[in-house]
Structures are given as C-alpha cells and as structure tokens.
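Q: Let's see this in three dimensions:
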Amino acid sequence: MGELLRRHWFIIAVTLAAAFLRFYNLSDSLQFLGDQGRDALVMYRIFSQRDLPFIGPITSVGGFYLGPLYYWFMAPFLWAAGFDPVGPALATALIGVITVPLLYFVTRKLFDPLSARWASLLYALAFIPVSETRSAWNPNPMPLAALGLLYGLYQAQKTKNGRWLYLAGLSLGLGLQLHYMIVFLAPFLLWQGANLLKNKKRRPFFLKSLGLMAILMLPLILFEIKNNFLNYRGLIEFFTKNQYSQVNLIQKIKDLNGRSEQAVGMVLGFGRDFSLVRAWVTRLFLLAAAWAWYRGRSLSLKLLFGWLVLSIAALVFYHANIYPHYLGFLFPVVFILLGFLLARLKGKLFPFALALAWLFFWYNLPQVKEVLAYQGNLKNVKQTSGFILEDIKANGHTQVNVALLDDTRDYRASNYRYFLEVTGVNLLDFDQYPEAQVLYVVSPYEQKDLLTNPTWEIQSLKPAEVIAAERLTTGDFVYKIQRL
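A: Just a heads-up that it's a prediction; the model follows:
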C-alpha cells in the first residue's frame, strides 16, 4: 500500500480533488428540469410498469431519438437511491471522477508522465468538465466514451493488435447513444477507417468492431424498422429545412474562427462569449499544436491533431448554437494536447508553463466556486409536488393532470409529474389533458389571467374555472383549475 501511494501519489491526489469538486454539495445544487424529469420517468417505469425502453432521449435539435443505453445504465442507480434523482447524478459524477485517472493513464501511454500530470490536473479542476458531471444528463458521460475511442484507435495502430478496435467500436456505439454531436467526428472516423482498411490483417477486426457497434445500436435499429425509419426521415427533413445543402464556402472559412474558439477556448473555461483572451488562447493553442505535429509526426499527435482539426472543420456546417455539453467528444483531446504542450515548456521555458497554468486557473476556479455554491431546484420541485399530492389526497380528486408555465417550456411538467407518479398519484398521461377534471398549474410567476393563456394543456380543459391559488414558500405559484 505504501509503495502504491509513493509511486502514484500525484494521480491519487488529483483524483481525490476531482471527486471533491464533483460530489460536494451535489444534492443541493441539482437542477431537476423537464429533460431530467422525462428521463427519470422513463427509468422509473422500467421498474413500476416493467416497460423497458428501446429508444433513448429525444434531441433538442432536430427531434431525433438516441439509443436506450443511457436509460439502461442509469436506471439501477435511480432504483438504488429509492427513486431519488440524486442517484443518477451521483453515477454521472462518479463517471466524471473515473475519467480523470483514465485520462492520466491514456496520456501517459500516448506521451510521457509529465504530459499526463498536466492533462489530468487541469481536467480535474477545469470548470467545464466539473460542471458537466454534476447532473444526470445523457451527454455528460461522453468524455469517457471519447477517451475509449481514442485509446482503442491508438493501441490498434501502435501495437498492430486489431483487437483494440473492439474497444473503439464499443466506445463509438456508446457515444452515438449519448449525444448526436459525436457525428461531427465523421471526417476523422472516415479517415481512420480508410487507413485501417488498407491493412489486410486489421480488416477483419475493423469489420467486427463495426458489428459490435451495430449490436449496441440494435434496439434503435429495430425501432427504426418498426416505425418506418422515423429518425432517418427526420434527419432528411432537418437538413432540408435548415438549408444544409446550401454551402457558402467563404462564410464557412470565416466560421472556422468561431468554431475553433468554442472547441478550444470555451472547453478550456474561457467563456461561451467572445473575448480577446479566449481568441488568443485558441490561436496559440492551435498554432503550438500544429507546430508540434509538424515537428513530431508521431501517431499520438496525428490522432489528436486530426481529431481536433477535422471536428472543427465539420462543426462549421452546424447552423445552431453550440453549448459546452455538445462538445464532450472533444474534452479529452483538448486537455491531452494541452498537457503535452505544457510539458514541452521545461527548463528555462518552465515559467511560461506556470504563467499559462495561472491564466487557466484564474478563469476556471472562480467559475468552479460558483458551481459548488449553486442552489438547484430539486428540493423546491419535491416540496411543490408534495403540496399538490396532499391536495389531491385531501379532496379525493381523480382524472388529474399537471402543467407548468415557465421559461423551460416544459408544459407537461415532467419534473413535477415524476414525483407525483413516484408517490402513487395516478396522473393522466401527456396526451390526456382533454380528459382531465382537475388541472394543477405550476409557475414561478403570478398568472393573473390564467384561463386566457393559449397553452393547449390549459385550453383543453375549458370550460373551466380557477378554484384555488397558492403561493408556496418555494416561490412557486400553484393554481387549481376545475372543469365546469
């Protein structure tokens, strides 16, 4: 034990720091919004209704369905926590912690111990990786899947052992079920696939790895066949409506600047909005990485630099806003490259490495502090749901539904619906609002003319009247509407 601590004290300390930042005040800081409520309902019904889902979460852009692996993996943690949403959040945080020593291990294999120390330290303490692992959401485990894909591709080519492609195939299959943005790895993957197919010895392993990926995607494939290729048709419609076929090459070249700043500067914690610091950090990073690749031409740099640059080039064809959680497939690559570059600043150049690290922490640590102190809405959602539950029981209401009016536009109130369903309330389903006799409407804002609100969930109850209104200590307004 003493020998283990002596040899690996650094990564043990860094992993403990990562664990603290990902678990501290987790329950109190949790946001439980409509997306999380929807996911929790699906997972709860696996146990309450023996309803195993064969599709996963629906995407916010395009309305495509992902695969069900996220639900299958997180459901046991929800059950173990007594159906408290904290369970999946703890599992997500644990995945975030595990990613840190694995990042260290992979970076050490690709480069050297010093690069691994820099990469793991910065990743453990960085704002974006910390914040994106403090809630249960399907994109959040993506960095771990990306790390597995990277390591599988590297080992398959470095050791000339094609069996490592199985890890790459499994990791890609997992990533495709976590978030659709990983499709922007397509140029890089096509390049790697073409290289792998040139080698006759690796060709069978490559094809088998595709088979493993297909097996992971099988539930979604069966869903597509059963539902007349719903996702495929939606994809075609999405690209047609959003004019993806109209390419302005000059504009795309201009967009490279913004997308590169998001892929590097934003991921490294220098803000979602443009700033000169973010712009120059990105430029210096990419220039240094390009120079290192040009000078070194190693397999490690070829994979990392190709992954990053080809992804940025692909992202310019994405027309919507990009948020940090969209780029989870880039997190490991950016931090491994950063660790490698800082490790090259040795001897007389070491003060420059310290200055760059200071700049990194100057931007990241205050944001991390805010995340740790953040007060989420989970407790308030529980309390408001409890109030509605008691009112239903006290009045013996049946044919009940619930709605929400707030900025999230989750009119079906999936987060409140989850707690009511778990506590035994037999709510009408999402499509049964016209059958309701009583509708509870929750809003953080006072609604003076509620019955004139054009929301379908409310209008479908008419003719109706508001028979009760209450402002709770949570700040929520709860209105009870009864059909006349």
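Q: looking at this protein, which helix or strand does the model trust least?
A: Within the chain, no helix or strand scores below helix 230-241, which has a mean of 71 by mean pLDDT, DSSP states H and E.
Q: what's the next secondary structure element after that one?
A: helix 249-260 (DSSP states H and E).
Q: Quick one: the helices in the stretch 51-200 of the chain, in order.
A: Secondary structure of the stretch 51-200 of the chain (DSSP state H, counting those that start in this stretch): helices located at 69-80, 86-110, 113-125, 127-131, 142-158, 164-178, 186-198.
Q: Let me have those helices in a markdown table, extended by mean neighbour count and distance to residue 387.
A: The way it works is simple: take the backbone N, C-alpha and C, and place the C-beta from them, glycine included. Below are those laid out as a markdown table (neighbours: other CB atoms under 10 Å; distance: least, CB to CB, whole Å):
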| stretch | mean neighbour count | distance to residue 387 |
| --- | --- | --- |
| helix 69-80 | 20 | 23 |
| helix 86-110 | 22 | 21 |
| helix 113-125 | 23 | 40 |
| helix 127-131 | 25 | 31 |
| helix 142-158 | 23 | 37 |
| helix 164-178 | 23 | 35 |
| helix 186-198 | 15 | 49 |
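Q: Can you tell me which of those helices is nearest to residue 475?
A: Closest approach to residue 475 among those (CB to CB): helix 86-110, 21.6 Å.
Q: Average pLDDT for the closest one, rounded please.
A: Across helix 86-110, pLDDT averages out at 98.
Q: list the helices and strands that helix packs on?
A: Packing partners of helix 86-110 (3 or more CB pairs under 8 Å, 6 or more residues apart in numbering; DSSP states H and E): helix 2-23, helix 26-29, helix 34-48, helix 69-80, helix 113-125, helix 127-131, helix 142-158, helix 331-343.
Q: The first one vs helix 86-110, what angle?
A: So the one you mean is helix 2-23. Between helix 2-23 and helix 86-110, the angle formed by their directions is 130 degrees, by axes from the mean of the first three to the mean of the last three CA atoms, to 10 degrees.
Q: which parts of helix 2-23 are buried?
A: 11, 14, 15, 18, 19, 21, 22, 23 (16 or more other CB atoms under 10 Å).
Q: Look up how far residue 10 lies from the last one.
A: Residue 23 sits at a distance of 21 Å from residue 10 (criterion: CB to CB, to the nearest Å).
Q: so residue 80 touches residue 90, yeah?
A: No: contact status for residue 80 versus residue 90: not in contact, 9.1 Å apart, counting by CB atoms under 8 Å.
Q: Now do stretch 375-385: everything it contacts.
A: By CB atoms under 8 Å, 6 or more residues apart in numbering, the list of residues contacting stretch 375-385 from outside reads 27-33, 85-86, 415-416, 419-420, 423, 442, 472-476, 478.
Q: mind showing which ranges of this structure have poor pLDDT?
A: By pLDDT under 70, the weakly predicted segments of the chain are 1, 61-62, 237-247.
Q: follow-up on the earlier one: could you dump the helices and strands packed on helix 86-110 to CSV with distance to residue 374?
A: Conversion of the helices and strands packed on helix 86-110 to CSV gives the following (distance: least, CB to CB, whole Å):
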stretch, distance to residue 374
helix 2-23, 13
helix 26-29, 5
helix 34-48, 15
helix 69-80, 22
helix 113-125, 17
helix 127-131, 9
helix 142-158, 21
helix 331-343, 21
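Q: Distance from stretch 188-205 to the middle of the chain?
A: Between the centre of stretch 188-205 and the centre of its chain there are 29 Å (CA atoms, centre = their mean, to the nearest Å).
Q: For that stretch, list the C-alpha coordinates in PDB.
A: Only the C-alpha atoms of stretch 188-205 are listed here, as PDB (Å, rounded to 0.1, in the frame of the first residue of the first chain):
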ATOM      1  CA  PHE A 188     -11.900  11.900 -38.700                       C
ATOM      2  CA  LEU A 189     -13.500   8.400 -38.400                       C
ATOM      3  CA  LEU A 190     -13.700   8.100 -42.200                       C
ATOM      4  CA  TRP A 191     -10.000   8.900 -42.400                       C
ATOM      5  CA  GLN A 192      -9.100   6.400 -39.700                       C
ATOM      6  CA  GLY A 193     -11.400   3.800 -41.300                       C
ATOM      7  CA  ALA A 194      -9.700   4.200 -44.700                       C
ATOM      8  CA  ASN A 195      -6.300   3.800 -43.100                       C
ATOM      9  CA  LEU A 196      -7.400   0.700 -41.100                       C
ATOM     10  CA  LEU A 197      -8.900  -1.000 -44.200                       C
ATOM     11  CA  LYS A 198      -5.600  -0.700 -46.000                       C
ATOM     12  CA  ASN A 199      -4.100  -3.300 -43.700                       C
ATOM     13  CA  LYS A 200      -5.400  -6.700 -44.500                       C
ATOM     14  CA  LYS A 201      -4.600  -8.100 -41.100                       C
ATOM     15  CA  ARG A 202      -6.600  -5.500 -39.300                       C
ATOM     16  CA  ARG A 203      -9.500  -5.500 -41.700                       C
ATOM     17  CA  PRO A 204     -11.400  -8.400 -40.000                       C
ATOM     18  CA  PHE A 205     -11.100  -6.700 -36.600                       C
END
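Q: Contacts for it next, please.
A: 153, 156-157, 160, 162-163, 165-166, 172, 206, 303, 306-307, 310-311.
Q: Now with 10 Å, please.
A: 149, 153, 156-157, 160-166, 168-169, 172, 182-183, 185-186, 206-207, 209-210, 302-303, 306-311, 313-314, 329, 333 (CB atoms under 10 Å, 6 or more residues apart in numbering).
Q: go on, stretch 468-476?
A: 377, 379-384, 386-388, 391, 395, 404, 406, 416, 438, 440-447, 450, 477-482.
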